[in-house]
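pasting the structure only:
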């Protein structure tokens, strides 16, 4: 009989919020824990086969590898060692190249290219210069930012084989170690379960509300409010409908009932909140909530972090998988079936008899990485065709093209959810294709023996609404109810319950901004759809999953579950920490460092997929993103100053002025006090007619006095400061002509210099890095001005415009953007399109590509360049 989950045990039998566990359940669970730990200790035999390689990596971590000067490129396959040629997408020109994949491995090594024969580079031309060497790659398409290591002992150069392995860099290992340590600190031997949302019992006071900016009780017959004690650091979850310009979502009071602060000033329009999270601020003692009585009493809960191991371990599994990637050696997979004289059709997986083709079937596991090599062609085929364990067709990876030979070398492919077999087909004339799999079994793979299904924590049920399957909108309709689940970082979920209604689906996914992504399994009005552990793949950008059901099915259990590990990883975490410690010397240059990023909407947009966030995650940093949409660095335009316009604001976009980083608090106050006059100088159809006190507070928050001095200098000083401004400062020519040494805040160059002076006066040893604009074809003055600053200060600049290739060159494509997703076959006829428009739907903001491809590409460039900055 299956052992209950910790949540089920804690709720007792029958289930009750009183938490009365049954002794026999606890005993059974404890026995299961011991069994699971025993399972995890039975490490697979093949770990022994990689001990030598692990020892080599440990040696690197303990003593440091022998780094060689960086090379421009690394080869992808066998090459002719003479003549300038294209390597990894880049034409060589007396370039340093890592030759790593020769048919004769004795030829591998570091070379300098030439029009004639290539020569081995001087630092790796003798026998003793190979073993333990590592080299970083600065350019190319596939190998940009990669580090390669060789442990080969060479007695005779050109005779002894040299094997190069792609390794995880030290910064990645350092960041990984930090995450594992965080996980280890959270794990306890045996843990109890607690409710995710403990509702607070509100005691309403009728006929009054709490004024949002003073905390004063104000009489109003239509309102009610409640006050309750809070604990600093707790997270409150608020659900309900709120209305009225005199109230806020929450108002906090300090000692003695004095007004402390407020959250979310409301308007005279109903605002709907569902599980909105608010952290209790320092100094708050009580909290008040006010509502319009006709809208009903809101729900306020305390979010309690569950001490069940399931979620902690789920995060750990991902980290273990990364460590496997750092250590794993990929070996050729042995096919389960090989058929000559046929290929697999990409669209349905059907076998097509053609004498000139061969196909193979390989066993795979969902979520693992496989490496595919070979030369492929033919529009009826794909590089990989996926099948389920039962042999059913699932999908394909990368359709091939007739008449075009696509050569792949160790192409990384992630196995999708539901796949158990991978089929590859190739034309015999182009040589055999291969599949490689990791030979080192990871802890996550061993742990599958103890996997359990656990119910994902949910928010409160919301009556009288359903979630539209086509838009994700909340639609008011009596007799329906919906529930929201957090599905971030999950590959798939499993839905249970009974549903109906043609406007609904089994599950609807939305992103971090609650914007619709997709839905699965539409329902039918009048027909009961009964789902039992029905799998639903989670889209990569999804944060929430919604289910909707009708009132007649309230008695049915509606749940969304996911696979996780319930117990038993505590000991493995200790071993994992030791392994990471052995492989990491003192962390990387950036791991554990703090930074702050200033800029426009370009780095600001995208939430967790904004490129500053991606850089932080990859390098193990903490980066505070202070970039803001519409922001300019300058406080005005010096050349436009007049008696009637003392700041030179005439013709400026309103947010460039009201969100100026170099503006003072006093200047923001001037804007507020003289808004009627100032507004007429500014542009932008959405500039407000009047300003409220909350607008002044917001404007002043963009000032350097708040955004830099108060938050990131002094006791809060950061290790590194990133400047990513320029786009919104280019309105006038003085962006490049004001003088690189000016401190005039009403010019771009002067504003940045003024801000850098503040940083260096606080900490003369602070690191400052300029982030170059992503293109220099249309708005070339941006990159010119950024170069002037870098030259003046001798601070590093990452010239993104040189690395991305986002130019105004056009290519023929059938592709088109559809709701933020690139559809490569949207049009029947190919048409020319600029490269910037192929990368960004709005031709300006990388984050408008909701797949994360554009922000991810910028992050890749920045991460690779930061490896050279110390």
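Cool, got the structure. The structure presented is a predicted model; accordingly, all values stated were derived computationally and were not measured. Numbering: from 1, shown residues only.

in stretch 825-835, what's buried?
834-835 (16 or more other Cβ atoms under 10 Å). To be clear about C-beta, it is placed using only N, CA and C from the backbone, and glycine gets the same treatment.

same thing with stretch 209-222?
209-213, 215, 220.

show only the entries of those residues found in helices.
Using DSSP state H, no member of those sits in helices.

please name the nearest non-neighbouring residue to residue 366.
Ranked by Cβ to Cβ, 6 or more residues apart in numbering and with sequence neighbours excluded, the top spatial neighbour of residue 366 is residue 417, at 5.0 Å.

so which one among the buried residues of stretch 209-222 has the lowest pLDDT?
Of all the buried residues of stretch 209-222, residue 213 has the smallest pLDDT value, namely 91.

that one against residue 693, yeah?
Yes. Using Cβ atoms under 8 Å, residue 213 makes contact with residue 693 at a distance of 6.7 Å.

show the low-confidence segments of the stretch 251-400 of the chain, by residue range.
For the stretch 251-400 of the chain, the stretches with pLDDT under 70 are 303-330.

same check on the stretch 401-550 of the chain?
Checking the stretch 401-550 of the chain against pLDDT under 70 turns up 438-460.

as a check, name the ranges of all strands in it.
406-414, 421-427, 434-438, 451-455, 462-467, 474-486, 492-499, 505-510, 516-522, 529-537, 544-550 (DSSP state E, counting those that start in this stretch).

redo those strands as a markdown table? Include mean neighbour count and distance to residue 300.
As requested, these are exported to a markdown table (neighbours: other Cβ atoms under 10 Å; distance: least, Cβ to Cβ, whole Å):
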| stretch | mean neighbour count | distance to residue 300 |
| --- | --- | --- |
| strand 406-414 | 16 | 41 |
| strand 421-427 | 24 | 50 |
| strand 434-438 | 19 | 48 |
| strand 451-455 | 17 | 23 |
| strand 462-467 | 20 | 15 |
| strand 474-486 | 17 | 17 |
| strand 492-499 | 20 | 27 |
| strand 505-510 | 24 | 23 |
| strand 516-522 | 18 | 28 |
| strand 529-537 | 15 | 31 |
| strand 544-550 | 25 | 20 |
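
could I get those strands as a markdown table with distance to residue 365?
Listed next are the strands of the stretch 401-550 of the chain as a markdown table, based on distance: least, Cβ to Cβ, whole Å:
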| stretch | distance to residue 365 |
| --- | --- |
| strand 406-414 | 11 |
| strand 421-427 | 10 |
| strand 434-438 | 9 |
| strand 451-455 | 12 |
| strand 462-467 | 33 |
| strand 474-486 | 25 |
| strand 492-499 | 13 |
| strand 505-510 | 24 |
| strand 516-522 | 23 |
| strand 529-537 | 15 |
| strand 544-550 | 24 |
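
what sits against the residue nearest to residue 366?
366-367, 491-492, 535, 537 (Cβ atoms under 8 Å, 6 or more residues apart in numbering).

pull the most distant pair out of those residues.
367 and 535 (13.7 Å; Cβ to Cβ).

got a pLDDT number for the residue nearest the centre of the chain?
Taking Cα atoms, centre = their mean, the centroid of the chain lies closest to residue 609, which sits 4.4 Å from it. Note on residue 609: pLDDT of 84.

could you count how many residues lie near the nearest residue to it once chain neighbours are set aside?
With sequence-adjacent residues excluded and distances taken as Cβ to Cβ, 6+ apart, residue 609 is closest to residue 852, at 4.4 Å. Look at residue 852: counted by other Cβ atoms under 10 Å, it has 19 neighbours.

check residue 150 too.
24.

for residue 225, same thing?
So residue 225, with other Cβ under 10 Å, has 22 neighbours.

off-centre distance for the host helix or strand of it?
Using DSSP states H and E, residue 225 sits within strand 217-229. With Cα atoms, centre = their mean, to the nearest Å as the basis, strand 217-229 stands 41 Å off its chain's centre.

sheet partners, orientation included, of it?
Strand 217-229 has the following sheet partners, assigned by DSSP bridges: strand 205-210 (antiparallel), strand 286-292 (antiparallel).

show me what contacts residue 633?
By Cβ under 8 Å, 6+ apart, the neighbours of residue 633 are 598, 660-662, 723, 725-726, 728-729, 748, 751-752, 755.

now, the residues you listed that are in strands?
In strands, judged by DSSP state E, the following of those are found: 598, 723.

mind listing which of the contacts of residue 633 are in helices?
Those of those lying in helices (DSSP H): 748, 751-752, 755.

nearest to residue 818, of the residues you listed?
Ranked by distance to residue 818 (Cβ to Cβ), the ones in helices among the contacts of residue 633 are led by residue 748 at 36.7 Å.

which phi and psi does residue 853 have?
phi -60, psi -40 (degrees, to the nearest 10).

and it, how far from residue 771?
Counting by Cβ to Cβ, to the nearest Å, the gap from residue 853 to residue 771 is 19 Å.

which one of these two is surrounded by more residues?
The residue with more neighbours, out of residue 853 and residue 771, is residue 771; 27 against 14, by other Cβ under 10 Å.

that one bridge partners, please.
Beta-bridge partners of residue 771, as defined by DSSP bridges: residue 798.

for the residue lying farthest from the centre of the chain, which three-state class applies?
Distance to the chain centre peaks in the chain at residue 643, reaching 48.8 Å (criterion: Cα atoms, centre = their mean). Secondary structure, DSSP: H, G, I helix; E, B strand; the rest coil: residue 643 is coil.

got it, and the one 5 residues further on?
Taken by three-state DSSP, the conformation at residue 648 corresponds to coil.

so it sits against residue 636, correct?
Yes. Counting by Cβ under 8 Å, residue 648 touches residue 636, with 4.3 Å between them.

residues touching residue 415, list them.
Residues near residue 415 by Cβ under 8 Å, 6+ apart: 364-370, 386, 422.

for residue 382, see how far away it is.
Residue 415 is 14 Å from residue 382, by Cβ to Cβ.

before we move on, what about residue 817?
Separation of residue 817 from residue 382 (Cβ to Cβ): 24 Å.

more neighbours, these two?
Neighbours of residue 817 and residue 382, each counted by other Cβ under 10 Å, are more numerous for residue 382; the result is 24 against 18.

so what's that one up against?
Residue 382 neighbours (Cβ under 8 Å, 6+ apart): 344, 346, 396-400, 425.

just the ones of these in strands?
Counting by DSSP E, the contacts of residue 382 contribute 344, 396-399, 425 to strands.
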